[in-house]
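Asks: heads up, no residue letters with this:
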């Protein structure tokens with residue numbers, strides 16, 4: 001991509017001049033019947049000792065756009081671990097006004113998955129991170145998903161920490177993703193819910209929470225283009241992404257076009273997040289891929305959740321300029 005070949009300013013300028021506000025009304029340009037997988041069934045096998053809620057799909061989601069379209073809000077299995085559903089995905093529209101725009105939502109089960117923070121070649125840049133800036137051959141076995149991180153660190157309102165090395169400053173009050181040695185991912189407020197311990201291997205901070213205690217704070221409506229990121233053309237509705245955690249510890253990732261901050265927060269909340277934060281914005285940075293091992297587990301096939309995301313499915317199979325999260329089977 002252009003940004004990974006030192007053409008970042010040119011790409012940014014092109015995005016800026018090409019920005020156009022969202023169009024009211026209309027229908028999505030692709031089917032919401034599912035991200036290429038059968039609809040998940042909530043029933044568990046008779047006699048199973050594991051709760052259906054731990055491995056079965058989350059409850060179906062109601063559209064914010066009014067009557068749901070076929071398949072909208074219905075969960076489908078995107079990835080499995082040892083035959084058990086580990087990642088579910090669905091589509092949801094966030095607005096009655098901009099009804100043709102669709103967000104992608106993924107729900108990830110931490111009892112089956114482990115999360116790893118990966119550095120970018122440009123952000124955080126060179127350092128003794130003890131982690132590659134992509135998913136190299138030979139390390140793809142068990143890869144289940146990848147997704148984008150937050151703003152550039154110098155404008156994130158916080159810092160980046162990985163394997164004992166830091167960029168920026170870990171800031172009290174900042175919304176934070178915290179990665180632990182056992183592969184667990186926590187999301188909360190640094191210095192309140194989350195603190196540095198010997199078990200912490202990574203921390204990624206970005207702005208302030210957009211869902212706290214299951215509620216969307218009024219701050220999400222304040223100075224949107226100033227407090228919540230520089231948007232293309234100064235637009236209020238742009239591609240946005242966010243991440244949250246449910247009460248039972250599942251990780252929820254949401255991204256999509258033509259979203260304001262409140263809509264992103266409301267999508268995360270509707271998907272079950274009790275704590276959530278905004279990640280990156282604008283089309284170039286948006287990505288969620290799941291991986292299918294097929295006949296070659298060591299080289300799984302990536303698939304975008306949203307068919308209209310800018311990033312190619314193979315984005316993280318080569319050096320990447322920005323940090324990201326890799327998700328593996330436990």
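Replies: Done, it's in. Given the structure is predicted, the values throughout are model-derived calculations rather than measurements. Residues are numbered from 1 along each chain as shown.

Asks: can we go C-alpha only for contacts and neighbour counts from here?
Replies: OK.

Asks: which stretches of the stretch 151-300 of the chain have low pLDDT?
Replies: The stretch 151-300 of the chain contains residues with pLDDT under 70 at 232-235.

Asks: All the strands of it, in order from the start?
Replies: 160-162, 165-167, 175-180, 185-189, 200-205, 209-211, 238-246, 251-259, 273-281, 288-292 (DSSP state E, counting those that start in this stretch).

Asks: Is it correct that residue 178 is in contact with residue 191?
Replies: No: taking contact to mean Cα atoms under 8 Å, the distance of 11.9 Å between residue 178 and residue 191 leaves them out of contact.

Asks: out of the two, which sits in the more crowded spot?
Replies: For residue 178 and residue 191, the more surrounded residue by other Cα atoms under 10 Å is residue 178, and the numbers stand at 26 against 15.

Asks: Nearest spatial neighbour of that one, chain-adjacent residues omitted?
Replies: Excluding the flanking residues, the one nearest residue 178 by Cα to Cα, 6 or more residues apart in numbering is residue 203, at 4.6 Å.

Asks: need the contact list for the one you found.
Replies: Taking Cα atoms under 8 Å, 6 or more residues apart in numbering as the definition of contact, the neighbours of residue 203 are 117, 159, 160, 161, 162, 176, 177, 178, 179.

Asks: same thing but at 6 Å, please
Replies: With Cα atoms under 6 Å, 6 or more residues apart in numbering as the criterion, the residues that contact residue 203 are 160, 161, 177, 178.

Asks: quick one: it from residue 237, how far?
Replies: Between residue 203 and residue 237 the distance is 28 Å, computed by Cα to Cα, to the nearest Å.

Asks: How about residue 115?
Replies: For residue 115, the distance to residue 237 (Cα to Cα) stands at 30 Å.

Asks: Identify all residues paired with the most centrally placed residue in the chain through a beta bridge.
Replies: Against the mean C-alpha coordinate of the chain, by Cα atoms, centre = their mean, the closest residue is residue 253 at 3.7 Å. Beta-bridge partners of residue 253, counted by DSSP bridges, are residue 106, residue 243.

Asks: Go ahead and confirm it touches residue 106.
Replies: Yes: with contact defined as Cα atoms under 6 Å, residue 253 and residue 106 form a contacting pair (5.2 Å).

Asks: what's near enough to touch the closest residue to residue 162 other than its chain neighbours?
Replies: What sits nearest to residue 162 in space, not counting adjacent residues and going by Cα to Cα, 6+ apart, is residue 202, at 4.3 Å. Contacts of residue 202 were listed using Cα under 6 Å, 6+ apart, and they are 161, 162, 178, 179.

Asks: Same question for residue 112.
Replies: Residue 112 neighbours (Cα under 6 Å, 6+ apart): 86, 330.

Asks: what does the model give it for pLDDT?
Replies: With respect to pLDDT, residue 112 has a value of 98.

Asks: With residue 80 as the reference, measure out to it.
Replies: According to Cα to Cα, residue 112 and residue 80 sit 9 Å apart.

Asks: Mind listing the shared neighbours of the two?
Replies: Here residue 112 and residue 80 have residue 86 as joint contacts, going by Cα under 6 Å, 6+ apart.

Asks: All the helices of the stretch 101-250 of the chain, in order from the start?
Replies: Here the stretch 101-250 of the chain has its helices, by DSSP state H, counting those that start in this stretch, at 224-227.

Asks: what's near enough to touch residue 91?
Replies: Each residue near residue 91 by Cα under 6 Å, 6+ apart is listed here: 72, 73, 103, 104.

Asks: Oops, could you answer that again for residue 231 instead?
Replies: Residues touching residue 231, when contacts are defined by Cα under 6 Å, 6+ apart, are absent altogether.

Asks: and what of the one 10 residues further on?
Replies: Each residue near residue 241 by Cα under 6 Å, 6+ apart is listed here: 254, 255, 279, 280.

Asks: From the contacts of residue 203, pick the one nearest residue 90.
Replies: residue 177 (22.8 Å; Cα to Cα).

Asks: thinking again about what came up before, out of the contacts of residue 241, grab the one that's most surrounded.
Replies: Across those, the neighbour count under other Cα under 10 Å reaches its highest value at residue 255, namely 32 neighbours.
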